[in-house]
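**Student:** Would you be able to build a 3D model of this:
(2 chains)
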Amino acid sequence: DAKTTQPTSMDCAEGRAANLPCNHSTISGNEYVYWYRQIHSQGPQYIIHGLKNNETNEMASLIITEDRKSSTLILPHATLRDTAVYYCIVSVKAAGNKLTFGGGTRVLVKP
Amino acid sequence: DVKVTQSSRYLVKRTGEKVFLECVQDMDHENMFWYRQDPGLGLRLIYFSYDVKMKEKGDIPEGYSVSREKKERFSLILESASTNQTSMYLCASSLGTSGNTGELFFGEGSRLTVL
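**Tutor:** Okay, the predicted model is just below:
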């Protein structure tokens, strides 16, 4: 699986959009981009995933660049409950979900 | 909603004890996984299973074994617990090949301390 690079931490203001970047310059054509988050003392929670098109669901939007070497997770209106570690993962779907979680980005939403 | 339930949130065991960590999922998922999470090391895959009675080693299987006698239950076994197995253990499940979106569903974790 391709490796990802994320900032170690970032702050954002409550009510504002949070834009979380992820670099995956060695991504292969059949690899998906997954985003999970982990709130303190809980298991990771799936947020969204995509292959090449932008995706949106009730939690977030995923923007993938045309060359697929980077992506951005957007939390449109961050709340205090969005404070968590966010993981960007690249994986072939057929790998049976053997996802490799790196260090992630620690996001602190401030009032 | 999919529910993955881990039997104990907190356990304290002695070195050398045999430890069972149980995980049950209620959505008829084929795939089940055990991870451990340690500060600075992220989540690491210990074992996984694609079907009943099937198991495959993950990245760090040493010192662990697993059992999957029923589809909904995946047990992690520490035959002789050691202090370096003090960690947070996370169980996860997902659909099999058919209908699989790649989404993993995690339990809340079991924090094991080995003294």
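
**Student:** going forward, measure contacts between C-alpha atoms and count neighbours the same way
**Tutor:** Will do.

**Student:** what comes into contact with stretch A:34-53?
**Tutor:** Residues outside stretch A:34-53 that contact it (CA atoms under 8 Å, 6 or more residues apart in numbering or on different chains): A:30-33, A:55-57, A:59-66, A:68, A:73, A:82-91, B:90, B:103-109.

**Student:** buried set for it?
**Tutor:** For stretch A:34-53, burial by neighbour count (16 or more other CA atoms under 10 Å in any protein chain shown) applies to A:34-39, A:43-52.

**Student:** So for it, mean pLDDT?
**Tutor:** Averaging pLDDT along stretch A:34-53 gives 92.

**Student:** give me phi/psi at the residue nearest the centre of chain A?
**Tutor:** Most central in chain A under CA atoms, centre = their mean is A:W35, positioned 3.5 Å from the mean C-alpha point. With angles defined as degrees, to the nearest 10, A:W35 sits at phi -130, psi 130.

**Student:** Could you pull up the residues touching the closest residue to it other than its chain neighbours?
**Tutor:** Nearest residue to A:W35, sequence neighbours excluded (CA to CA, 6 or more residues apart in numbering or on different chains): A:C88, at 4.7 Å. Contacts for A:C88 (CA under 8 Å, 6+ apart) come out as A:4, A:6, A:22, A:33-36, A:101-102, A:104.

**Student:** For A:C88, give me the pLDDT.
**Tutor:** 95.

**Student:** before we move on, what about A:D1?
**Tutor:** A:D1 carries a pLDDT value of 62.

**Student:** what's the residue nearest to B:S82 when sequence neighbours are not counted in contact with, if anything?
**Tutor:** Among residues not flanking B:S82 along the chain, B:T15 sits closest, at 5.0 Å (CA to CA, 6+ apart). The neighbours of B:T15, taking CA under 8 Å, 6+ apart as the test, are B:80-83, B:114-115.

**Student:** any idea which of those is closest to chain A?
**Tutor:** B:V114 (18.9 Å; CA to the nearest CA).

**Student:** what's across from the closest one in the sheet?
**Tutor:** Assessed by DSSP bridges, B:V114 has beta-bridge partners B:K13.

**Student:** and the closest residue to chain A within chain B, what element?
**Tutor:** Across chain B, the shortest distance to chain A (CA to the nearest CA) belongs to B:E108, at 4.6 Å. Applying DSSP states H and E as the criterion places B:E108 outside every helix and strand.

**Student:** check contacts around it.
**Tutor:** A:41-43, B:4-6, B:9, B:90.

**Student:** Nearest to B:E30 among the residues you listed?
**Tutor:** B:V4 (12.9 Å; CA to CA).

**Student:** A:N54 versus that closest one, what's the distance?
**Tutor:** According to CA to CA, to the nearest Å, B:V4 and A:N54 sit 29 Å apart.
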